[in-house]
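1. Quick one, structure for this:
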Amino acid sequence: MTTPLADKIRNLIRANGPISVTDYFALCLADPEHGYYRTRDPFGRNGDFVTAPEISQLFGEMLGIFMVHAWQQHGSPTPVNLVEVGPGRGTMMQDMLRVIRRLAPALYEELDVHMVETSDRLRGVQRVTLEAYSSKITWHAAFEDVPGGFTLIAANELFDAIPIRQFVKTPTGFRERMVGLDASDRLAFGVGIATIDPALLPPSHARERDGTIFEVAPARQAVMSALCERLKRHGGTALIIDYGHMVTGFGDTLQAVLRHDYDPPLAHPGEADLTSHVDFEDLARIARASGIQINGCLRQGDFLYGLGLAERAAALASGKSEPEQRAIAVSSDRLAGAGEGKMGELFKVLAVSSPTVTLAPFRPARD
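-> As a prediction, this is how the structure comes out:
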């Protein structure tokens, strides 16, 4: 089966030769005619995947608690920009604002909410979700358009959708992985001539077998740099949540999801969501180079339980029917449960700040 975007990519390759994985990734998600995020609402049961805010209100509530805590630790400055980059359906912001209004009315009154969203379709969904807070919210197509001032930033499942480059170990070193056409005119992976600076590779690269893949993400580094520069200039904290690894390593993490199931990355371009795992060690390196504080990096489960997820879930379940109580327990476990394949283990949470502050549940780094 082909897709309109697959036909377009094949024509590009026939005209100009194979394209890089990063170009393929970008076309799949953001092609103006057929890109995944340009043509559909991917979230929820009717989409291709369910994000943490859609699983339970508890997720956004815990983030709201964290934002109140961060604001207080920064000395309760006013006014405040609360920024969400890649806000999905607006569900997380809705839950955050409800908690902020209840716990810290002074913060809520001084809050300007900024939603950074490139999709007109998703902006429409967000406007409906956040109608009760519409007087506080401004939408922007780019993070750079958010006005200056003290800033609290939330980015949930943002970085996994930013394109990566892949390099393959060959007898002549690491070469860039490309997307071309096979003998049957189908999209297929191949190897190009571009190489990578060995200084960017982990120390063990010389011992890796041929065919081993290493991923780098200059576009993610650029976004992280922009967030850090904003914090350095105006003060604040950024919270980054995504699935990925805490230590830079080797491996192919490029994956596609179609109707809640994994799909070969080249099978349905434009119709399947394309992502890859986030290298949190690399993001931390960017923050360190920018001169801002790394509060810490935790597994999502440890982060949520550290903020009081279990206690909040118990309070939410109190007085509810047995099926409702069971549903709350199941959703809490989905969000924070440990073990292979569970969100609490797969997802990581990185917090960075400027100036230096101590933020729970992160532990201060030891010198």
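
2. quick one: the helices in the chain?
-> Secondary structure of the chain, counting by DSSP state H: helices at 4-16, 21-30, 36-39, 52-55, 57-73, 91-103, 105-109, 120-129, 218-234, 280-290, 300-306, 309-317, 322-336, 343-346.

3. So what touches stretch 204-217?
-> Contact with stretch 204-217 is made by 159, 162-171, 174, 177, 196, 198, 200-202, 250-254, 276, 279, 282, as judged by CB atoms under 8 Å, 6 or more residues apart in numbering. Using the backbone N, CA and C atoms, a C-beta is placed for each residue, glycine as well.

4. That one: which residues count as buried?
-> Under the neighbour-count criterion of 16 or more other CB atoms under 10 Å, stretch 204-217 has 205, 212, 213, 214, 215, 216, 217 buried.

5. Just put those residues in TSV and tack on pLDDT.
-> What follows is those, written out as TSV (pLDDT from 0 to 100):
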residue	pLDDT
205	94
212	98
213	98
214	98
215	98
216	98
217	97
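
6. And these, which is closest to residue 57?
-> residue 217 (31.5 Å; CB to CB).

7. List phi and psi for that closest one.
-> phi -140, psi 80 (degrees, to the nearest 10).

8. ends of stretch 16-36, how far apart?
-> 23 Å (CA to CA, to the nearest Å).

9. same question but for stretch 287-300, I mixed them up
-> Taking CA to CA, stretch 287-300 runs 20 Å from one end to the other.

10. Might you list the low-confidence residue ranges for the protein?
-> Residues of the chain meeting the criterion pLDDT under 70: 1, 40-49, 364-367.

11. Quick one: residues contacting the residue in the chain sticking out farthest from the centre.
-> Distance from the C-alpha centroid of the chain, by CA atoms, centre = their mean, peaks at residue 183 (36.4 Å). By CB under 8 Å, 6+ apart, the contact set of residue 183 is empty.

12. And it, how close does it get to residue 87?
-> As for residue 183, its distance to residue 87 is 44 Å (criterion: CB to CB, to the nearest Å).

13. And residue 289, by the same measure?
-> Using CB to CB, residue 289 is found at 27 Å from residue 87.

14. So between the two, which is more surrounded?
-> The neighbour comparison of residue 289 against residue 87 (other CB atoms under 10 Å) goes to residue 87, with 29 against 12.

15. ok, back up a step: residue 155: which of the helices of the chain is closest?
-> Residue 155 lies closest to helix 218-234 among those, at 7.5 Å (CB to CB).

16. What lies in contact with that closest one?
-> So helix 218-234 is contacted by 22, 85, 143-144, 146, 148-151, 153, 155, 158-159, 162-165, 236-238, 240, 278-279, 282-283, 286-287, 290-292, 352-354 (CB under 8 Å, 6+ apart).

17. Tell me which of the residues you listed fall in strands.
-> If you go by DSSP state E, those have 85, 151, 153, 155, 165, 236-238, 240, 278-279, 352-354 in strands.

18. Residue 162 is in contact with residue 26, correct?
-> No - under the contact definition of CB atoms under 8 Å, residue 26 does not touch residue 162, with a separation of 9.1 Å.

19. Residue 58 reaches residue 329, doesn't it?
-> No - with contact defined as CB under 8 Å, residue 58 does not reach residue 329; the gap is 10.9 Å.

20. Between these two, which has more neighbouring residues?
-> A count of neighbours by other CB under 10 Å puts residue 58 above the other of residue 58 and residue 329, at 24 against 13.

21. Roughly how far does the more buried one sit from residue 90?
-> Applying CB to CB, the value for residue 58 to residue 90 is 17 Å.

22. repeat for residue 312
-> 21 Å.

23. likewise residue 150?
-> According to CB to CB, residue 150 and residue 90 sit 23 Å apart.

24. Compare the two (neighbour count), which wins?
-> Neighbour count, other CB under 10 Å: between residue 150 and residue 90, residue 90 has more, with 25 against 19.
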